[in-house]
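In: sharing a sequence plus its predicted fold:
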Amino acid sequence: MPKRGTTRPPATKASAEIGHKERPFAVAASKWFPLIAILFGAAAYYNSLHAPFIFDDRFHIVENTRIRQLWPPWPFLLHTSRPVVYLSLALNYAIGRLDPLGYHVFNIAVHIAAALVLYGILRRTSIYAAGMIALIWLVHPLETESVTYIVQRGESLMGLFYLLTLYSVIRGSESPHRTRWYAAAVASCCLGVGCKGVMLTAPLVVLLYDRVFLARSWRKLIERRWGLYAALAATWLLYPLLLSQAPVEWKESAGFEYAGAAPLQYAMTQPAVILHYLQLAFWPDKLCLDYGWPVAHGMGEVFPHLPILGVLLAATIWAWRHKPALGFLGAWFFIILIPTSSFIPIADLAAEHRMYLSLAAIAALIVAGLFAFARRLGVPAIAWPAGGLLVLALVVLTAGRNSDYRSELAIWQDTVDKSPGNPRAQYDLAHALEAENRPQEAIAHYEKALEEKPDYVEALNNLGHLLSVSGRAPDAVAYLQRAIQIQPGLAEAHFNLGYALAQQGSIKDAIAELREAIRLKPDFGEAHNNLGIALAIDGRTVEAIDQWQQALQLDPDSADTHNNLAYALSRTGRMREAIAHYESALRLKPDYVQALDGLAKLLATLGPADGGDPNRAIGLASRACAITGNRVAGYLETLAISYAAAKRFDDAIKTAQDAIGVARASGQADVAREIQTRLDGYRRGR
């Protein structure tokens, strides 16, 4: 054990097995390592700064109203099992709202900080080439999912606190202020538990490190630090409390309540998953955001992988007895994976972010093997340039992987290319294509998702909605009814079915479905808006107005609702209120052509005492015509009416003639005749 007051422990036999004392040039280089780490980390992740929110980012960030108020913090701290992660998201939102840049900067900073702490641990363990190990870990492309995929900061934040826990224990073992360092270790452990459950393994891993690198015996370890480990173990009590605050959907997607895989099935699947992780650690090719890894159903699927994993575990046990430092690396790798790769079922059977910390052991083995090979060749110095080239190659690979995150469409196309049988990947690619206004391609991928998983409710719902807006209402109704049959409480499916039924002319049925959507989800502002439309079509204008007013209470920034309410109010003679709502619609959406046209008509036909203003009407109607390229007869007609109201009859006549031409060209003979009647009036100065 180091003496009280020493600055760092001497190299032990255990540490010498994977390295030896750093040379003077290495000690000098360590002063520059923080700058080196920042430069390499920035080079690897610079092109990820503007990657959009993807996948679960939508739920945890974009749609998460709890993080939109930093103070008081209770709304987001008391409704999640990961309060530290949510606090960080709330801070990001307070600074930059929904601009992804700040979120990415935070994630990269956390990852670089974790690499610096890892470097500190390696140096104080007297590991040779500590900087090379830390750099490989920093820029390895297998870490991109934990850094570039924003909400997976839970993994990197937990990793930072995990490493800080170990670092604080190491510093405490050699410091005259050990109580402060041990307090820091316990605090870091608590914060890590508030990020992710994997942190529960930290006390055990720290204990094993202590025995291998710090304490000469278990007895000495217990004598000197029993209080520390009791405090670290006490952090386990936090986790059940945090889990009790988790949303119901989290509990259903992990743990023994998860219905997708039994514990034995999950355990049988993991040998193949762990070996895949190892393959990616040594050869990071074909990284995939969402594997959709299939559940193993029999020993025949397990047998090819189980013996290999058994050999690795046996080697770890042997090394623990004969080469403790190497044994610790094996223990680090396997123990950190226990919460996600054992028998506790999780909806995603494989996910690359779970290798965030375990990869550090592989990086250490790679560097140890590189230096051992160089010594065997008789040219040990060649290991340094070889290691530098490896780091540079990994930077290039990581930057390349980050380019896959440049858009939702890009990352999901990449995922489908690598995992075409994954229904969730097909679904998210369809969603991205829909957002890019490529409906036919989106429909094809929704259908592929349903081929793989016929009861995929979200795909049924989204496909139904897309078919209805694409003019295929009968097909949409069939898919949406299937979705409701599987999940009757899905308000969005009732909402979309109401829309599809209205398209078919089944207004009564549409009203019933929209009312059901509102019953299931009372704060569903869009459902109130569409119910207002259906009621207006059914001639129930007063009820429609009531629904639109409720919709605006829930979402005062809905331009569509303001426009609909304005039209209905104008039909009931409430002109001043109608004008005010048209103004609100245009304030929210300045190029909203329906609102421009509606307000122009009112201003052109009302008297000055009621708010009429023909000259402003001309400006609004002109804008509507310009936006639509003068190709809509109705908007040209409104412009002609506005000119006539301002007594500019020559302009009214010309515009009405243009409107008649557009109407006839588009087969609107009735509209053309109606405009012709007005045109005759303009010629008479009316």
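Out: Received, thanks.
In: look up phi and psi at Trp71.
Out: When read as degrees, to the nearest 10, the backbone of Trp71 gives phi -140, psi 130.
In: pull the number of nearby residues for it.
Out: Neighbour count of Trp71, defined by other CB atoms under 10 Å: 7. C-beta: built from backbone N, CA, C; applies to glycine.
In: next one: it from Leu191, what distance?
Out: Distance of Trp71 to Leu191, given as CB to CB, to the nearest Å: 20 Å.
In: do Met158 as well
Out: 9 Å.
In: tell me which of these two has more neighbours.
Out: The neighbour count for Met158 versus Leu191, taken as other CB under 10 Å, is higher for Met158 (27 against 21).
In: show me how far the host helix or strand of that one is from its chain's centre.
Out: Of the helices and strands defined by DSSP states H and E, Met158 is found in helix 153-174. How far helix 153-174 lies from its chain's middle: 26 Å, per CA atoms, centre = their mean, to the nearest Å.
In: I'd like the next helix or strand past it.
Out: Next element after helix 153-174 (DSSP H and E): helix 178-193.
In: so Arg631: helix, strand or coil?
Out: What DSSP: H, G, I helix; E, B strand; the rest coil gives for Arg631 is coil.
In: out of everything not next to it in sequence, what's closest to it?
Out: Take Arg631 and drop its neighbours on the chain: the residue closest to it by CB to CB, 6 or more residues apart in numbering is Val662, 6.3 Å away.
In: distance of the one you found from Trp384?
Out: 75 Å.
In: which one of the two has more residues nearby?
Out: Neighbours were counted for Val662 and for Trp384 using other CB under 10 Å; Val662 has more, 21 against 14.
In: hey, where'd the helices end up in the stretch 51-200 of the chain?
Out: Taking DSSP state H, counting those that start in this stretch to define them, one finds helices in the stretch 51-200 of the chain at 57, 74-77, 83-96, 100-124, 130-139, 144-147, 153-174, 178-193.
In: Leu337 touches Ser358, doesn't it?
Out: Yes - in this structure, Leu337 is within contact of Ser358 by CB atoms under 8 Å, at 5.6 Å.
In: in terms of neighbours, single out the busier of the two.
Out: Ser358 (24 against 20).
In: who are the contact partners of the more buried one?
Out: The neighbours of Ser358, taking CB atoms under 8 Å, 6 or more residues apart in numbering as the test, are 277, 332-333, 336-337.
In: if you set the cut-off to 6 Å instead, what comes out?
Out: Neighbouring residues of Ser358 by CB atoms under 6 Å, 6 or more residues apart in numbering: 333, 336-337.
In: which member of the residues you listed is positioned nearest Tyr46?
Out: For the contacts of Ser358, the residue nearest Tyr46 by CB to CB is Ile336; the value is 28.6 Å.
In: now that closest one: how far from Ala368?
Out: Ile336 is 19 Å from Ala368, by CB to CB.
In: compare the two (neighbour count), which wins?
Out: Ranked by neighbour count (other CB under 10 Å), Ile336 and Ala368 place Ile336 first, with 26 against 20.
In: I would like the residues contacting stretch 286-304, please.
Out: Taking CB under 6 Å, 6+ apart as the rule, stretch 286-304 contacts 261, 265, 268-269, 349-350, 401, 411, 415, 418-419, 422, 424-425.
In: at 8 Å what do you get?
Out: 54-55, 141-142, 144-145, 149, 260-261, 265-266, 268-269, 271-273, 280, 348-352, 401, 411-412, 414-415, 418-419, 421-425, 428.
In: quick one: buried ones out of these?
Out: Listed as buried from the contacts of stretch 286-304 are 54-55, 141-142, 144-145, 149, 261, 265-266, 268-269, 271-273, 280, 348-352, 401, 411-412, 414-415, 419, 422-425, 428; burial here means 16 or more other CB atoms under 10 Å.
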